[in-house]
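*Asks:* Output the structure for:
(one chain, ligands or ions: 1)
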Amino acid sequence: MNPFKDNFTWGAAASSYQIEGAWREDGKGPSIWDMIAHQPGRIYENSNGDVACDHYHRYREDVALMKEIGLQAYRLSVSWPRVIPTGRGPVNEAGLAFYDRLVDELLSHGIEPWVTLYHWDLPYDLFLRGGWLNPDSSEWMAEYTAAVVERLSDRVTRWITINEPQCMIGLGYLKANCTHAPNMEVGMREALLAAHHVLMAHGRSVQAIRAHAKKPPVVGLSLVGCASSPLTESPEDIEAARNATHYVDGTQLWNHTWWGDPVVFGHYPEVGLKSYAKDLPEFKSSDFDTIRQPIDFMGMNVYWGGNTKAGVDGGSEWVPFPKGQPHTHFNWPISPEILYWAPKFYAEHYKLPIVITENGLSSCDSVALDGRVHDAGRIDFLHRYLLALRRAVADGVDVRGYFHWSVMDNFEWAEGYKHRFGLIHVDYETQQRTLKDSAYWYRDLIRSNGACLALPQQP
Ligand code: FCB
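*Replies:* Numbers count the residues shown, from 1 in each chain. Presented below is the predicted three-dimensional model:
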């Protein structure tokens, strides 16, 4: 029996800076990504998102291709500096009008827009005011949210406040790993303060969505973590993997509990308070009333996960991947079973419906002599990962949707255009789009609502 219910959502995702281009058209202000991408030496091959996929001008063609794939939903993000050029104050009508047109185009093709309010492109002027280190940042986010929700919520009901705060702060602020905008290179204490402000911004954003929505909204955020699969399915190894998944390593910010626990439970996790003890700023207890707002689902971005077994002392022991483990072009280990374990662990922890808001791989796809893109690796990846997701759904894990990252090849942050994540191939010189073989495979999967996910015959 097919475990995917009829209302399961099959979609794909992208984000504003990664695809839109038009970086200073129609009154758009600069973002921190415009700033960083224009500094020589920051991005692979000194690339930038000035043009990217030129989606700003080609959105009609792109939506038509989404329709051809049969996407039921498209997760887009709104560029804050396109809507409010200096981050605060007057709304740029032309900027908002773009999202109006995009939403209308999607709806007229029967594709539901899932709108992420913040996918990392902070207005440059807010960076000059201290960005996420400024305690007023949650107020800015609330004002910006209100402007977008006022305009789009007569048609949009699915909202994601913030994408991967772990990466925004972990890669954009924390010195140890700084490769992303705004490249602040601060210590852990300041990074934890910025993180706290981001969580406040999430809470204020949820409040603003609920206050301004014209139709009952469905609200979540998108987290990422360091989820782990058990080496074997013994109860001991499963418990070890569960603990590893919820663990907080005091040297970095890749974990889900530091971010998700305050949002859902109204406090930081004990394990994190211990791990970050020497770097903890002071937090007002009333802040947690703001951070903890009712949400309708937990969005999780899941790309890969390590393996863990029970250690001799009863703790969790990381198990290195075997030699020759397949990796993506990004060098991320291909580890499909994580799409079973991660949603299971997250769902039992938060007791909320889970939506996989990103999953996918980068590969070095090219257009073949026959004019097609034969990305057999992506098909195999999708097949394996979705079989694992099917197992989770069949086990009763409440997963409501799956969004492939990405709908089209795009600007991959510090890595520029080195990685191709799309179901649609983009030739950046000509802006020619080509559906990859995986797009047709995904189309058939969507048509069958996942029922065609059988194990292939082996020779
Ligand atoms: C995630 C980001 C997304 C993209 C993928 C590959 O961390 O949310 O924008 O870069 O990774």
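*Asks:* from this structure, which residue is nearest to the ligand?
*Replies:* residue 164 (4.7 Å; Cβ to the nearest ligand atom). Yep, even glycine has a C-beta here, placed from its N, CA and C like the rest.
*Asks:* Could you verify my assumption that that residue touches residue 224?
*Replies:* Yes: with contact defined as Cβ atoms under 8 Å, residue 164 reaches residue 224; the gap is 4.8 Å.
*Asks:* so what sits against both of these two?
*Replies:* residue 301 (Cβ atoms under 8 Å, 6 or more residues apart in numbering).
*Asks:* Is residue 400 in contact with residue 354, as I believe?
*Replies:* Yes: between residue 400 and residue 354 a contact is recorded at 7.0 Å, counting by Cβ under 8 Å.
*Asks:* Between the two, which is the more surrounded one?
*Replies:* Just comparing residue 400 and residue 354: by other Cβ atoms under 10 Å the higher neighbour count belongs to residue 354, 24 against 19.
*Asks:* Enumerate every residue touching that one.
*Replies:* By Cβ under 8 Å, 6+ apart, the neighbours of residue 354 are 297-300, 343, 346-347, 397-400.
*Asks:* Filter the residues you listed down to the buried ones and hand me the ChimeraX line.
*Replies:* Buried members of the contacts of residue 354, defined by 16 or more other Cβ atoms under 10 Å, are picked up in ChimeraX with:
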select :297,298,299,300,343,346,347,397,399,400
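*Asks:* Throw the contacts of residue 354 into a markdown table and include pLDDT and distance to the ligand, thanks.
*Replies:* Output for the contacts of residue 354, formatted as a markdown table (pLDDT from 0 to 100; distance: Cβ to the nearest ligand atom, whole Å):
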| residue | pLDDT | distance to the ligand |
| --- | --- | --- |
| 297 | 98 | 17 |
| 298 | 98 | 15 |
| 299 | 98 | 11 |
| 300 | 98 | 11 |
| 343 | 98 | 17 |
| 346 | 98 | 16 |
| 347 | 98 | 21 |
| 397 | 98 | 22 |
| 398 | 98 | 23 |
| 399 | 98 | 19 |
| 400 | 98 | 19 |
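*Asks:* taking the contacts of residue 354 one by one, which sit in helices?
*Replies:* 343, 346-347 (DSSP state H).
*Asks:* Format those residues as a markdown table; extra columns: distance to residue 444.
*Replies:* As requested, those are arranged in a markdown table below (distance: Cβ to Cβ, whole Å):
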| residue | distance to residue 444 |
| --- | --- |
| 343 | 23 |
| 346 | 28 |
| 347 | 28 |
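*Asks:* just to revisit the earlier point, can you list residues touching both of residue 400 and residue 354?
*Replies:* residue 297.
*Asks:* For stretch 117-131, the averaged confidence score.
*Replies:* Per-region confidence: stretch 117-131 scores 98 on mean pLDDT.
*Asks:* just to revisit the earlier point, for the ones in helices among the contacts of residue 354, which one is nearest residue 91?
*Replies:* Of all the ones in helices among the contacts of residue 354, the one with the least separation from residue 91 (Cβ to Cβ) is residue 346, at 35.7 Å.
*Asks:* what about residue 58, helix or strand, and which?
*Replies:* helix 55-69 (DSSP states H and E).
*Asks:* Run a quick neighbour tally on the residue nearest to residue 137 when sequence neighbours are not counted.
*Replies:* Excluding the flanking residues, the one nearest residue 137 by Cβ to Cβ, 6 or more residues apart in numbering is residue 197, at 4.9 Å. Counted by other Cβ under 10 Å, the residues lying close to residue 197 total 22.
*Asks:* Isn't residue 197 up against residue 130?
*Replies:* No: Residue 197 is beyond contact range of residue 130, at 9.5 Å (criterion: Cβ under 8 Å).
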